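Visitor: Can you look at this prediction? I've put the sequence above it.
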Amino acid sequence: MRMNRLGKGKRRTLFCVLGLMLITAIPLWAEDAPSKSAMVEDAAAGDIETGEKVYRKRCIFCHGDEGGGDGVASERLMPKPRDFTMGLYKYRTTPSGLLPTDDDLFRVISKGLPGTGMPAWEKTLSEQERHSVIKFIKTFSKKFERQKGPLQTMTVGPEIASSPDSIEKGKALFKEMECFKCHGVSGRGNGPSALELTDDKGDPIRPRNLTKNWLFRGGGEARDIYMRFNTGLNGTPMPSFADSLDNEKSWHLANYVRSLSPAEKPPLNVVIKTRRVAGEIPVDPDDPAWRSDEFNQFPMVGQVIRHERNFMPTLTDVRVSALYNEREIALRVLWDDPTASKAGEGLLGPTFEDALAIQFPAKTYEGLTKPYFLMGDDKHPVQLWTWKSGTFLESNARGIDKEDLQTSQGLKGSVKYDDGQYRLVMKRMLKTEDAESDLQFEVGKFIPIAFHAWDGDNGETLTKRAISHWYFLLMEPEIPKQVYIYPPLVFVGVLGLMFLLQRKLRRTKPSEKS
């Protein structure tokens, strides 16, 4: 009430005085506050109480109440979550059998482990929270209590740059040290022992596909690979080769493994640009008409929407290219699969046949409208081109459990498998007589396309599969020959005119002087 009776100027003065008192009081309150450097030290140190809160909120679902790697989500994950009670950690800078440093743990928590259930937490948890949860995690194993003094760490020796000579020497070492028995001759994780491997708890574990370094969990560059050879992966069949490799051999082997992946991760192109070709489109996936450097790579994920779900897919992506002529369109699809699966009983349980399906809308819609990506619905059906059991089938679907085969088959193709990779070609006429059930391909139109794939040795069948999102296929219009003829003619014509103009100017100069 009294405040309202004060004039506007007096109220402003009073607020200024109160503000000044507040500002001058801050140093008194802050006398006991930690300095900025002390706060950074506290963040690096962390505290167990905060760590336990973070663990109960973020980590318990996979790693379990007591850190045993037996959380409610663990059954759905491969590889299994880390069992902290064992004190065995894969991605370290310490020698084989030793505990990781705090920096090792901080790196894994911050960056995550690609291709596993372990996400990157650096944008979700503060630095202090990450250091705190490390302190809490270490309480699960007595090994950390018994560790006295700083841990020994491995060092990466002077670099030997990658070169054809270094890569060739590394390739010889790869064979000599029998790395191919797990990783395969070409490094696709398809060695003869690939399906027999287990970790120290007896859980199945897959060898790394060395042709995709962006999925390497300890880092994908040669320096990171060098470290993995020398530290090994505790608790797994991957040993340390520190006693067998000196610095030179470590670099040669690292350079070779790095050379198995492309220089950069293939970009995600949303549109498959389809080239027009003259003459017959080859069905052979190894025909030179299919350019090896011309493909689009699309990621695959497990189908987890409808029962039975696929929480642990082994197929990570497909690589796709396409060609068309005046009558037909064809797609070439490549994907890595450790085995050519057959129906029966495998090492990991029931097995089924491998399969792949290419999905289109049953008809195109105005704009960029697409059917539901999981095999459409009643209002927006899809068409599927499927390779399975050595045959090529066309079908229409109005949902994942509403698929009908077509009676007249215009689809044909071929497939090859070797060294851990499938290469498949499927082709069909651009136009068909059944415009109601068959997609009619049109030049210059964006056509939605998606993919489904099954790894039979991983127990994948029916709804249990890997899937992609919708992307687009574009049949590029043929460039008219005039485009190549007219520009040179115009260029020559302009040069001719300039030459004539220059001659005329030279002739007129003497008359101007006179």
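Guide: Ah, there it is.
Visitor: centre of the chain versus the helix or strand where Leu384 lies, how much separation?
Guide: Counting by DSSP states H and E, the secondary-structure element that holds Leu384 is strand 382-388. Averaged C-alpha coordinates place strand 382-388 at 25 Å from its chain's average position (Cα atoms, centre = their mean, to the nearest Å).
Visitor: That one pairs with which strands?
Guide: Counting by DSSP bridges, the strands paired with strand 382-388 are strand 355-361 (antiparallel), strand 391-397 (antiparallel).
Visitor: Using PDB, write out every CA atom in stretch 454-464.
Guide: What follows is stretch 454-464 as a C-alpha-only set of coordinates in PDB (Å, rounded to 0.1, in the frame of the first residue of the first chain):
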ATOM      1  CA  TRP A 454      16.100 -61.100 -43.500                       C
ATOM      2  CA  ASP A 455      19.200 -62.800 -42.100                       C
ATOM      3  CA  GLY A 456      18.000 -66.400 -41.600                       C
ATOM      4  CA  ASP A 457      20.900 -67.400 -39.300                       C
ATOM      5  CA  ASN A 458      19.900 -64.700 -37.000                       C
ATOM      6  CA  GLY A 459      16.400 -66.300 -36.700                       C
ATOM      7  CA  GLU A 460      14.800 -63.700 -38.900                       C
ATOM      8  CA  THR A 461      11.600 -64.600 -40.700                       C
ATOM      9  CA  LEU A 462       8.100 -63.100 -41.300                       C
ATOM     10  CA  THR A 463       7.800 -59.900 -39.300                       C
ATOM     11  CA  LYS A 464      11.200 -60.400 -37.700                       C
END
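Visitor: What residues of it count as buried?
Guide: When burial is assessed from 16 or more other Cβ atoms under 10 Å, stretch 454-464 yields the following buried residues: Trp454, Asp455, Gly456, Asp457, Asn458, Gly459, Glu460, Thr461, Thr463, Lys464. Quick note: C-beta positions are derived from backbone N, CA and C, even for glycine.
Visitor: in terms of contact, does the third one touch Glu345 like I think?
Guide: No. No contact is recorded between Gly456 and Glu345 when judged using Cβ atoms under 8 Å, the distance being 11.6 Å.
Visitor: and of the buried residues of stretch 454-464, the nearest to Asp336?
Guide: Sorting the buried residues of stretch 454-464 by how near they are to Asp336, with Cβ to Cβ, puts Asp455 at the top with 10.0 Å.
Visitor: Count the residues that sit near the residue nearest to that closest one when sequence neighbours are not counted.
Guide: When the adjacent residues along the chain are set aside, Asp455 lies closest to Thr314, with 4.8 Å between them (Cβ to Cβ, 6 or more residues apart in numbering). Residue crowding around Thr314 was assessed by other Cβ atoms under 10 Å; the count is 21.
Visitor: so who does Thr314 touch?
Guide: Counting by Cβ atoms under 8 Å, 6 or more residues apart in numbering, Thr314 makes contact with Arg206, Asp337, Pro338, Asp455, Asn458, Ala466.
Visitor: how deep is the third one tucked in, by neighbour count?
Guide: Counted by other Cβ under 10 Å, the residues lying close to Pro338 total 22.
Visitor: State the helix or strand in which the spatially closest residue to it that is not a sequence neighbour lies.
Guide: Leaving aside its chain neighbours, Pro338 sits nearest to Asn190 (4.2 Å; criterion: Cβ to Cβ, 6+ apart). When elements are defined using DSSP H and E, Asn190 is found to belong to no helix and no strand.
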